[in-house]
Each structure stands twice: as C-alpha cells, then as structure tokens.
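A.B. asks: Return atomic coordinates for the entry below.
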Amino acid sequence: MDSPTTESASKAPVIEINLLGMLRRRWPLIVFGILVGVSLAAFYYAATTRMYESKIEILVGQRSSEVTSSGTLSGAAASGDSIQDDQLATHMRLFVSRRLLSDAIKDGKLAELESFKNAAKEGRGGIDHILQHIEVIRGGEGSSRDAMVLRAAYRDSSPEDAALVLSTIYDSYRDYVESHGHDSTEQAVELIQQARQTHEEELAAADIAYREFVKSVPVLIEGDSVQDIHKERLANLEKELHLVTNSLAESRSRLEVIATYLADRNGQEINNIDHLALLSHNEVERLKLFLDMTRGETQSEAFQAEQPIRQEVAKAQYNRLLDLIQKEQSLADAFGPGHPLVEAARQEAEITRQFIAKNAPTNAKVATKKLDPAEMLKTYTSLLQNDISELEKRKEILLADSEVEMRMAKQVEGDFMKGASLRARHSRAQMRYDEVIRRLQELNLSRSYAGFSTDLLASPEVSRGAAWPKLPIICALGLFLGAMLGLALAITTELLDSTFSDVHDLERTLGAPAIAHVPRFNTRDLKSKTRSGSLIQPSLVTFHAPRSAESEVYRVARTSLMVANRKTNVRTMMMTSPQPGDGKSTTISNLAVSFARAGKKVLLIDADMRRPVIAGLFGVQREPGLSDVLSGTISARESIQNTEVSNLDLIPNGRPTADPSELLESDRFGAMVAELTQRYDLVLIDAPPLLAVADPAIIAPLVDAVVLTVRVNKHARGPVEQASKILQDQGLAPAAIVVNGVDQSSKSYGYGSYSAGKYAYVGDYHSQYEATDIESTIPQRSPRILAAERSVG
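C.D. replies: Numbers count the residues shown, from 1 in each chain. From the prediction side, this is the model:
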C-alpha cells in the first residue's frame, strides 16, 4: 500500500475547479472584465477612422486559337481547365505588383488624393499605402469557390477615393495583360518564321540526300516498296541449289545400290527379273523415252499407238478435198471459170491437197526390237554417271553464283540501313516543317485573339456605409474579450485562493463528512439569553438557549454522531483543531451539553493543559484536575466535578504543569480513560490544536473517534492539510468535521456556493418546526447545590 506521503505527492499537481461555484463566487470579476471589454470596444469604435470599401470582380480566361482555326474548343479548354491554379495565382500577384501600382498612381494621378497625401506625411509611399489597404483573393463564395474569378477590395477613408483607386488599378492591370499578350504573339510569330526558314533548308537538304542515295543503289523503288534484286536472286539460287543437292544425292545413292548389287552377285547369272528389280518406275519410263529416241519417230511405240487417229484425220481431209472440188465445179458451171468465187474455191482445194500430201500417214511396217534387261541396266548406269557429273558441275556453278549474290545482297543491305536513316531524317524534317507551318498559320489567325481575357463582372462602386468599424462586430468582440478577461481574472483568483472552494473540497481533503456548520455567535444576543444566577458562560447556547437556531446546529451534529456511535460503538471521542482559536473547546462543550440533555451520561475532560478553557466555560474550579490525576496526586474519581447540566460531569485541567505531553504519554492516562469509559456512556476529550503541540497525536490512538473543528474563513488549505497529515501518520482519520465560525449575514461563508441558510437552520424552517422545550423543564442544579455537593465530596 502506498504511503500517505506518496498519495499526497501524486495528487498535488491536480488542479480541480468547480466552474459553477467559481462563477457564483467570482462573478464580480467577470462583470468587471465584461465592462472593461465593452468600454474598450466603445472607445475603439469612437476613435477609429471610418473606412469605406469598394469591390471588383474580374473573370480571367485564356484565349485559344482553336476558336479561330476550328471554331470549337476541345478538352481542357472547353471545360475551363485552361486556367490552372498557378496561372490564376500569377494574375493575383500581377494585380498588386509594384510596376502596375506605380503606373496606376501615375496615370490616375492618385498622389493628389487626400489619403495618399496623409500617407506621404507619415513617411509611406503611395504603393505601400495601396498594398496596406488592398486585398485580392480568387474564386467565388460557396459552391463557386473554384471559379476562375479574381476578387479585389480596397478600403479608404473616402468612399469616392476607394472606388477611384480600385478602378485605376484595374485599368492598369487590363492594359498590361492585353499589351503583353499581343507582344508575346508578335515575338512568337517572328521566332516561328525563323524556325520555318531553318526547317525548310533542312528539309531540302534531306530530300536531296535521299534522292542521290536512291540513284546510287541497285534496287527498284516503287513508292514505299523496295525491290532488292540481289536478295531475290540469292533466294532463287539457294532454292535451285537445294534441288540440285537432293538430285545429286539421289543419283549417287542409286548408282551405289546398283554397284553394290552387281558386286554381291560375283559373276553369277542375273535374270531379267533381277535387272528390272533394280529400276524404279520413273527410271523405266526414262529408258523407254531414250529407246524411242534411238529408234526414230515412226518406230516409237507412241507413234504406232497414234497411227489409227492419224488415218481417221487423213480420211476426213480427203473427204474435205472432194467437197471442195465439187464446190469448184459447181461454181464454175454457175459463174464461169474466171469468177472470183471459183478462184477462191480452187485455191482452198489446192491448199487442202498440199496439206494432205504433207501429212500423209506412213504405212511402213514397224520394226520392233526387244530391249535386253542387261543392256537396259548398263545403259541406265551410264545415264546415272552422266547425271552425277552434270549435277556436280551445276552445284559448283550455283555455289559460286550464290557467293557473288550474297556479297551483293550484304552491300545492298548496308545501303538499305543508310537509306532508312536518310528517309527517317527526311520524315522528321518534313514533320517539323509541317508543324512550324501549322503553328504559323494559327498565330497569323490568332494575332487579334491571343493572351488572356479580363472581363469585368462587378465594377467598383461608391460604398454608402462604412466597412469598418462595424458596431455589432465591435460589440461582440468587446463582450467576448471582456468575458475572457473576467474568466481569466476569476480563474487566476481561484487558483491563488488557498481557502476551500466548497464543503466537498473540505470533505475530500480530510476524508470525513462535515456534520455541522456552526454560525458565528452574536455576543449581545448570547448575553441576553443567559440564565440568571448561572455560572456557565453565554457561549454555551445549548444550555442557555436550547430552542435557538444555534442550539439546533449542535443537535444536528449530536444526531450524526449518535448514528455513527450505533454502528461503531464509540465510547470515547477527542475533539481538536488545526490551530488555536478555531473554537474547539466551545464546540465540544456545547456537544457535551447536547448529549447530556439527550439522556446520555457524559464526561468532559479538558486535556488542553496549556490553554485550559473548559473550567471557565462551566464556571468550575480548575483544580484538582487532569494533571493531578496523571501525576498521581489524586484518583480519577476525586478529579470529577459536577456541572449545572444534569448527566454532565467534567475533569478540568488541574494544576499547571511544565510537561503535559509526558503526563499524557504515561500509562495512567490510558488506564484512566478505560476506567471512566465503564462509568459513562460517552467520554469527550478536549485536546490541544494539532499544529501547536504533539498532545493530540498522543491522545488520538487511545480514543474511538476524532472530531476535527475547522474555521474555514480563517484557515487556508495548508494548515488543514498539515493537520490531516498528522492524523494519517498515526494511522487515523477524523470521523467527522464541524465547520465553525459561519457568517450568517453573508451569502457564503468562506467556501463554495453553499449559503449559510442551507446549514444554519434559521428562518421559516426553524419557526415552522418550533416545539416546546421539554429539556428546559428538566430540573437543573443551581450553583449553591453544586457548591454543597463539592464540599460534601
């Protein structure tokens, strides 16, 4: 478990402020702050020069040459994105630039205005004077905050001068934007003209270089297509070489097969079937063709196979000849021998006769000769050897031609790369030249439509009312700042105030409930209520005025303690206070009287042997008393003295002693308390203050409960916290708190917002519940009877 010191240290930095209580206590400071704020606001409003404001709105747009060239806007230009935020910011800076402001002052003769003259007297230039009173922002308000609009406002002591200055600044800004746009266009046209000439020369040079290259290379160019003859030749040669190689391999393999077969026979007879098995169908056909060539045309089998067809053709031709002869004879009979038709028929018949003679079929007998298979194989072998020789020679020629064409194709390929580079150069030069021409056309079209547009949406107007100061705003600011000042004063005072803020603050500090709030006694009223012939002091109101409001406070405290006693069986109780003068002796004496009137047998012990008060309050002798009992001179029974209050006895302080703490630390004090507890229902001990001496710390462990009396309008927080720490060091805590010295005439009595009427039990509440004082009917012992009892004792 943490020690009390650790808990106190951990809680020390925490600052708690009861806002409502602070407002009720410190409201005069808050009102003072508000009055100061309002007064300063009124003074400011009266002393400040009236300023009038003139406003202007400018729509800034970028002109596009697309409108002049195509009649439409595309993309970002059509959507209004052509003006970027940085461009709009540039126009804002341009509007208040020193160059434009200087031109505006010069052109508009603004230096002659009264406000500019006053600024000059104060040592400020005209430009600085304008910058001090002008404000430029962009965008609109609300949903139009992203609009491409510049809004400018200028303030001046004269409404006419404000409008004039703003209008002059706008004129200077507009002139600069328009002239700058035209100048930029002219410069761009001049630069593009120079670029056109340069690109035109580059394009001409690229074109000449490409034409010379085309003439120098052995290729055919038709538009974008290029025909490489050497590459095509090389492809054909490679294809032919591939066929020759395959044919050569086939012939060699066939010859090798025949040679191997003949060698394996080793002179054995080879029949016709064996010979023919060595030949394929294609080879047999080739041999037949060769045989036909050696026999002659008429001896060939093909010729003999076609002979019937020839005979039929000849027959048809003879029939035709007969028809023509008959036709000639008929025409001659009809027209005469010399007629042209007769001559034509005769010539046609002659031609037919010559054709028949020329193509007359032969009837020679075919001399058939049977081909020997061995001879056929020999002939075929010779043919294969000739084929191989021819193919080898052909392959050699094809390889030589292929190497030549390969070299030529490689050379042309290098020329192609050079040509591609020249053509790309020519294309780039053409593109640049076309772009320059296009831009030049656009600039020529847009010379009168270039730069930015600055359309005026709202013209500067003469203001009818002052823009500043505004009375509602000044009053609101004054109230707000005054309230802040008042709250600051209240919080500062609250933090510097070391007293308790309210009853809960006191209860939290001591860890005990406040059971009563004793009001401050009126001495004259107390004396008027004193019983005649009584030796008891007037401050014991529970004895002299049991029906008074003050007595009711003690009865409330008595009731609270009696309820606690039933739960914890408290038989001994000590009352102390942080410092002297807190009224603890008067409080415990009144509580003792109240307990005695409630039927309790009470003993009151005055343990404050340094400043004894109890004996004087009850009008009894101080000796013998507690010091005599603790020194062993007399017994406790002998020190008890009766009082005028029934059921209430007391032990006074006794003879003065120089060592009261040592007497209280003796075993006799503890034994005495234990003995008296058996004889009385309640033993009350009046102890010295906790911060004055160590006596309360000695007595506290011997009693059942400790009640602390606090005068809050006297003590600050420090003494009460120190007193609580002393009890915590003994492992104790106060069982209850009695707040003493409450001022009934004030609305609050030292802490918080708890009014005296809440705890003083006065006014209508007390009168409504007023009852007959039964206690006053209890017979009281007179001073004579008490004196007699003491003499007998």
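A.B. asks: what is Asp156 paired to in the beta sheet?
C.D. replies: Beta-bridge pairing for Asp156 (DSSP bridges): Tyr52.
A.B. asks: Pull the contacting residues for it.
C.D. replies: Applying CB atoms under 8 Å, 6 or more residues apart in numbering to Asp156 gives the contacts 51-52, 54, 115, 133, 162, 165. To be clear about C-beta, it is placed using only N, CA and C from the backbone, and glycine gets the same treatment.
A.B. asks: So which elements touch the top helix by length along the chain?
C.D. replies: The longest helix of the chain (DSSP state H) is helix 373-445. Where contact means 3 or more CB pairs under 8 Å, 6 or more residues apart in numbering; DSSP states H and E, helix 373-445 is packed against helix 66-69, helix 159-216, helix 229-265, helix 272-277, helix 281-295.
A.B. asks: at 6 Å instead, please
C.D. replies: If contacts are counted by 3 or more CB pairs under 6 Å, 6 or more residues apart in numbering; DSSP states H and E, helix 373-445 sits against helix 66-69, helix 159-216, helix 229-265, helix 272-277.
A.B. asks: In CSV, list these along with mean pLDDT.
C.D. replies: CSV is the format used below for the helices and strands packed on helix 373-445 (pLDDT from 0 to 100):
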stretch, mean pLDDT
helix 66-69, 51
helix 159-216, 80
helix 229-265, 81
helix 272-277, 59
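A.B. asks: follow-up on the earlier one: list just the nearest of the contacts of Asp156 to Glu507.
C.D. replies: Of all those, Met51 has the smallest distance to Glu507: 58.3 Å, by CB to CB.
A.B. asks: So for the closest one, what's the pLDDT?
C.D. replies: With respect to pLDDT, Met51 has a value of 91.
A.B. asks: Equivalent analysis for Ser767, please.
C.D. replies: pLDDT, Ser767: 46.
A.B. asks: I'd say Leu203 and Arg432 touch.
C.D. replies: No: contact criterion CB atoms under 6 Å: Leu203 and Arg432 do not qualify, at 7.9 Å.
A.B. asks: Which one's more surrounded, these two?
C.D. replies: Shown here are Leu203 and Arg432; by other CB atoms under 10 Å, Leu203 has more neighbours (20 against 17).
A.B. asks: Give me the nearest residue to that one, chain neighbours excluded.
C.D. replies: In space, Leu203 comes closest to Ala429 once its chain neighbours are excluded; the distance is 4.2 Å by CB to CB, 6 or more residues apart in numbering.
A.B. asks: Run through the residues that contact the one you found.
C.D. replies: Residues near Ala429 by CB atoms under 6 Å, 6 or more residues apart in numbering: 202-203, 206.
A.B. asks: do Lys529 as well
C.D. replies: Contact partners of Lys529, counting by CB under 6 Å, 6+ apart, are 544-545.
A.B. asks: And it, how close does it get to His517?
C.D. replies: Counting by CB to CB, to the nearest Å, the gap from Lys529 to His517 is 21 Å.
A.B. asks: Ok, Gln641 next?
C.D. replies: Distance of Gln641 to His517, given as CB to CB: 31 Å.
A.B. asks: if you count what's nearby, which of these two comes out ahead?
C.D. replies: His517 (24 against 21).
A.B. asks: for the host helix or strand of the more buried one, packing partners?
C.D. replies: Using DSSP states H and E, His517 sits within strand 514-519. Other helices and strands packing on strand 514-519, by 3+ CB pairs under 6 Å, 6+ apart, are helix 549-568, strand 736-742.
A.B. asks: switch the cut-off to 7 Å
C.D. replies: helix 503-510, helix 549-568, strand 736-742 (3 or more CB pairs under 7 Å, 6 or more residues apart in numbering; DSSP states H and E).
A.B. asks: tell me the most buried of the ones you listed?
C.D. replies: Compared across these, strand 736-742 shows the largest average neighbour count, a mean of 24 (mean count of other CB atoms under 10 Å).
A.B. asks: any idea of the mean pLDDT for that strand?
C.D. replies: Averaged over strand 736-742, pLDDT sits at 84.
A.B. asks: tell me the angle of that strand relative to strand 514-519?
C.D. replies: Angle between the axes of strand 736-742 and strand 514-519 is 20 degrees (criterion: axes from the mean of the first three to the mean of the last three CA atoms, to 10 degrees).
A.B. asks: counting contacts, what elements does strand 736-742 pack onto?
C.D. replies: In terms of contacts (3+ CB pairs under 7 Å, 6+ apart), strand 736-742 is packed against helix 503-510, strand 514-519, helix 549-568, strand 705-710.
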